[in-house]
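Asks: 3D model of this:
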Amino acid sequence: MCKLIILRGNSGSGKTTIARELQKKIGSNTLLISQDVIRREMLMVKDGPDTRALPMLKELLLYGRNHCETVILEGILVADWYRSLFELAKDLYGNNIYAYYFDIPFEETIKRHKTRAKCREFDEETMREWWVDKDYSDILDEMTITAEKEQETIVQEIYGSIAKQSEGQ
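Replies: Next comes the predicted model:
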């Protein structure tokens, strides 16, 4: 059965880095769906309640369900705006969803942002405009990831969770 890993949180919280590391660790036939790639690079659309990226994200979830062993969906994915995406995810993947919310303080996301290659694409003021505090989903059963956890620990814990579930099948 296909597994879905969802990594959500504010800009600069570490979602993309963790998603890439997980994809490498899980290996072949793992689809990585990055909200930023779809929205900003492929479609060049703004985010919001009716973003034009939503239909494509839904199609990719369906594709992943039908053709991949593991799908990783990562992005800011504001809970209210992406509610229908999360509902579709529940319908498609059932109990095979591993959802994580990166609850990282704003100051830490700024510090992390300054180390990224795209740090010149947007500034602290823009990140503050995008900021949504404690944006937990009422649809997804999300585990919380905090700033105290190291990257490798996060990757190992998520990988361990999906491996453990796979053994139980």
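
Asks: residue boundaries of the helices in this protein?
Replies: 15-26, 35-36, 54-67, 83-93, 106-113, 124-130, 151-168 (DSSP state H).

Asks: Adding mean neighbour count, write those out as CSV.
Replies: C-betas here are computed from N, CA, C, even on glycine. As requested, those are exported to CSV (neighbours: other CB atoms under 10 Å):
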stretch, mean neighbour count
helix 15-26, 19
helix 35-36, 20
helix 54-67, 16
helix 83-93, 17
helix 106-113, 16
helix 124-130, 12
helix 151-168, 13
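
Asks: out of these, nearest to residue 4?
Replies: Set against residue 4 and scored by CB to CB, the helices of the chain come closest in helix 83-93, at 4.3 Å.

Asks: so how far is the closest one off the chain centroid?
Replies: Its chain's C-alpha centre and that of helix 83-93 lie 14 Å apart, by CA atoms, centre = their mean, to the nearest Å.

Asks: Other residues contacting it?
Replies: 2-4, 6, 54, 57-58, 61-62, 65, 71, 73, 77, 79, 97, 137, 139-140 (CB atoms under 8 Å, 6 or more residues apart in numbering).

Asks: how about a cut-off of 10 Å?
Replies: 1-6, 8, 35, 49, 53-55, 57-58, 61-62, 64-66, 71, 73, 75, 77, 79, 82, 96-97, 99, 137-141 (CB atoms under 10 Å, 6 or more residues apart in numbering).

Asks: mean confidence score for that helix?
Replies: Here helix 83-93 scores 98 as its mean pLDDT.

Asks: Just the C-alpha atoms of that helix, please, in PDB.
Replies: Extracted in PDB, the C-alpha atoms of helix 83-93 (Å, rounded to 0.1, in the frame of the first residue of the first chain):
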ATOM      1  CA  ARG A  83      -8.400  21.600   3.500                       C
ATOM      2  CA  SER A  84      -9.700  19.900   0.300                       C
ATOM      3  CA  LEU A  85      -6.200  18.500  -0.500                       C
ATOM      4  CA  PHE A  86      -6.000  17.000   3.000                       C
ATOM      5  CA  GLU A  87      -9.500  15.500   2.600                       C
ATOM      6  CA  LEU A  88      -8.500  13.900  -0.700                       C
ATOM      7  CA  ALA A  89      -5.300  12.600   0.900                       C
ATOM      8  CA  LYS A  90      -7.400  10.900   3.600                       C
ATOM      9  CA  ASP A  91      -9.600   9.400   0.900                       C
ATOM     10  CA  LEU A  92      -6.700   8.100  -1.200                       C
ATOM     11  CA  TYR A  93      -4.200   7.000   1.500                       C
END
